[in-house]
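Undergrad: from the sequence below, what's the structure:
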Amino acid sequence: MQKGQNIPVENNGKYIEKGPTESNLTHLIFIIIYVVFLAVVINSSTNANYELFIDWEKISPILILRLVAAISFSFFLPGYALVMVVDKKFRLTLLPKLLLAYLFSILITGLGGYISASLGNAITSTGVFFIITYILIFLLCLQRINALRTGFYRLPTFLLYRSSSKIKESLMRNCSQYIVFSSLFALVILYTYYLNDGKIVVDQWYHHGRAILMGSDLFRELGPYDVWNPPFFSAFLASFFNLSGSPSVNAYAAVGFLNIVPVFAFYYFLTNWIPKKKQRAALLATTLFMLSSGFGWVYAINSAINDHQQVTFDESSSVNILVDTARKTFDIGTPTTFIGVGHPDVTTPLILFALPAGFTLLGLILEVKLYQSKHLGDNPTFRSKARYSGMLPPTTSKATRRPVLC
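TA: Prediction:
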């Protein structure tokens, strides 16, 4: 086998690329974005903004650029660099890479803010820590992708054309997925930015106020009195506000589009665990996951069927059934969507952190098992240990390349 050859391994109808490096063009684009946004973050973190809110019509292009850079570093860029550093073995596809980059970036930003607040320091003093961390991660990434070697930046003239052709083929091949997720994303934009008029609402004000407290040097004394909510999300927001150099309410409202992340994580989880022949069910289930608020409608139908007093229902009896169902199941009386409106509220820890982390890790469980069964399954010692620990199932289905549970 030639060194440097791309080895695609089937994973439930998808493929995990096993080549030694990704496209140099992709790496070059990432390097340029990382350097430019890092310079913006360095500038904004040294120019703190203590205003709460500015009307969006009065937001300057400089503040918009700062927000974009802060969102990129708080939610994506350092995590993606770490994924490229540690992803030497599995060569994950784009979706799990983006999800892991999202989670790693959140961990870096939130952990830095939490440690600083726990030590009694103001969040404004952590800017240097974040900058140094981002630079170290960037240098590790450059070393991992061999960006420091001669000839890395010499790209073939046909590379851009080939990349655009692959993007076009992907759009045509996955047209239905793009249409569905674009529609769901449009709903998120409608529910967060348009209906809320670019402001934060309900529980977001609590998290915003707690983040302001976390960003001050008083959290060490006052924080232990608030034992009902974990402080990590507030620490993350405090760090994000400091990196953005923008009014805190504007910065918090700007991340409303990230309410779509648990939808992508849920889709990734389903595509790994659903058999290959039923992959289309993952798209339908993902749509229902976002648009369905619960199963109270099942209780309502059951109540109507079990009502033997009359065959047809008038308006008052139908209303009584709905009222009784809403009192017992709660979700009938709320908006019929789980992601984007309420219960849970938008842009809160459950939506931004817990659900993406849970679904992504569930998807990675099978990803790792598939890799181990494919590459290490021929080793008798590994197979005996894996069967003993439950890492490998008793048999493997050749049709689907998935473990068959006995």
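
Undergrad: can you tell me how far the spatially most central residue of the chain is from Leu95?
TA: In the chain, the residue lying closest to the centroid (Cα atoms, centre = their mean) is Val261, at 4.2 Å. Val261 is 11 Å from Leu95, where distance means Cβ to Cβ, to the nearest Å. Bear in mind the C-beta positions are built from the backbone N, C-alpha and C, glycine included.

Undergrad: and Ile301, by the same measure?
TA: For Ile301 relative to Leu95 (Cβ to Cβ), the value is 36 Å.

Undergrad: higher neighbour count, the two?
TA: Of the pair Ile301 and Leu95, Leu95 is the one with more neighbours under other Cβ atoms under 10 Å, namely 16 against 12.

Undergrad: distance check, the more buried one against Ala186.
TA: Taking Cβ to Cβ, one finds Leu95 at 20 Å from Ala186.

Undergrad: same thing with Leu52?
TA: Computed as Cβ to Cβ, the Leu52 to Ala186 distance reads 29 Å.

Undergrad: low pLDDT regions in the stretch 201-350 of the chain?
TA: The model of the stretch 201-350 of the chain has pLDDT under 70 over residues 222-227, 293-295, 297, 307-314, 330-338, 340-344.

Undergrad: again, only this time at 90
TA: Across the stretch 201-350 of the chain, the ranges flagged by pLDDT under 90 are 201-203, 206, 210, 212-231, 245-246, 272-282, 284-285, 287-348, 350.

Undergrad: now the residue nearest to the centre of the chain, nearest residue through space, not along the chain?
TA: Pro356 (4.9 Å; Cβ to Cβ, 6 or more residues apart in numbering).

Undergrad: what's around that neighbour, how many residues?
TA: Using other Cβ under 10 Å, Pro356 is surrounded by 23 other residues.

Undergrad: and it, what does it touch?
TA: Taking Cβ atoms under 8 Å, 6 or more residues apart in numbering, we find Pro356 in contact with Leu99, Tyr102, Leu103, Val261, Pro262, Phe264, Ala265.

Undergrad: can you do 10 Å?
TA: Residues in contact with Pro356, defined by Cβ atoms under 10 Å, 6 or more residues apart in numbering, are 99, 102-103, 106, 258, 261-266, 268, 350.

Undergrad: just the buried residues out of the residues you listed, in PyMOL syntax.
TA: To isolate the buried ones among those in PyMOL, judged by 16 or more other Cβ atoms under 10 Å, type:
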select buried, resi 99+102+103+106+258+261+262+263+264+265+266+268
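
Undergrad: of the contacts of Pro356, closest to Phe240?
TA: Among the contacts of Pro356, Ile106 lies closest to Phe240 (Cβ to Cβ), at 9.6 Å.

Undergrad: that closest one should be in a helix, yeah?
TA: Yes: checked against DSSP: H, G, I helix; E, B strand; the rest coil, Ile106 lies within a helix.

Undergrad: ok, it touching Ser74?
TA: Yes: counting by Cβ atoms under 10 Å, Ile106 does reach Ser74; the two are 7.3 Å apart.

Undergrad: can you pull the buried residues of stretch 285-293?
TA: By neighbour count on 16+ other Cβ under 10 Å, the buried set for stretch 285-293 is Thr286, Thr287, Phe289, Met290, Ser293.

Undergrad: residue contacts, Ser105?
TA: The contact partners of Ser105, taken as Cβ under 10 Å, 6+ apart, are 71-83, 137, 236.

Undergrad: how about Ser72: what's its closest non-neighbour residue?
TA: Computed as Cβ to Cβ, 6+ apart, the closest residue to Ser72 that is not its neighbour in sequence is Phe37, at 5.1 Å.

Undergrad: that neighbour is in contact with Ile71, isn't it?
TA: Yes: with contact defined as Cβ under 10 Å, Phe37 and Ile71 form a contacting pair (9.4 Å).

Undergrad: need the pLDDT of Leu139.
TA: Here the pLDDT value assigned to Leu139 is 93.

Undergrad: try the one 10 residues further on
TA: pLDDT, Arg149: 75.

Undergrad: again with the one 10 residues further on
TA: The per-residue pLDDT reported for Leu159 equals 64.

Undergrad: swap in the one 3 residues further on?
TA: Per-residue confidence (pLDDT) for Arg162: 70.

Undergrad: which secondary structure element is home to it?
TA: Counting by DSSP states H and E, the element that carries Arg162 is helix 159-173.

Undergrad: just checking, what packs against that helix?
TA: Applying 3 or more Cβ pairs under 10 Å, 6 or more residues apart in numbering; DSSP states H and E, one finds that helix 159-173 makes contact with helix 24-45, helix 175-189.

Undergrad: what do Ile106 and Ser74 both touch?
TA: Common contacts of Ile106 and Ser74 (Cβ under 10 Å, 6+ apart): Phe236, Phe240.

Undergrad: could you give the number of residues near Pro349?
TA: Pro349 sits with 18 neighbouring residues when counted by other Cβ under 10 Å.

Undergrad: any idea how far the nearest residue to it once chain neighbours are set aside is from Val346?
TA: Beyond its immediate neighbours in the sequence, the residue positioned closest to Pro349 (Cβ to Cβ, 6+ apart) is Phe233, lying 4.2 Å away. From Phe233 across to Val346, the span is 13 Å (Cβ to Cβ).
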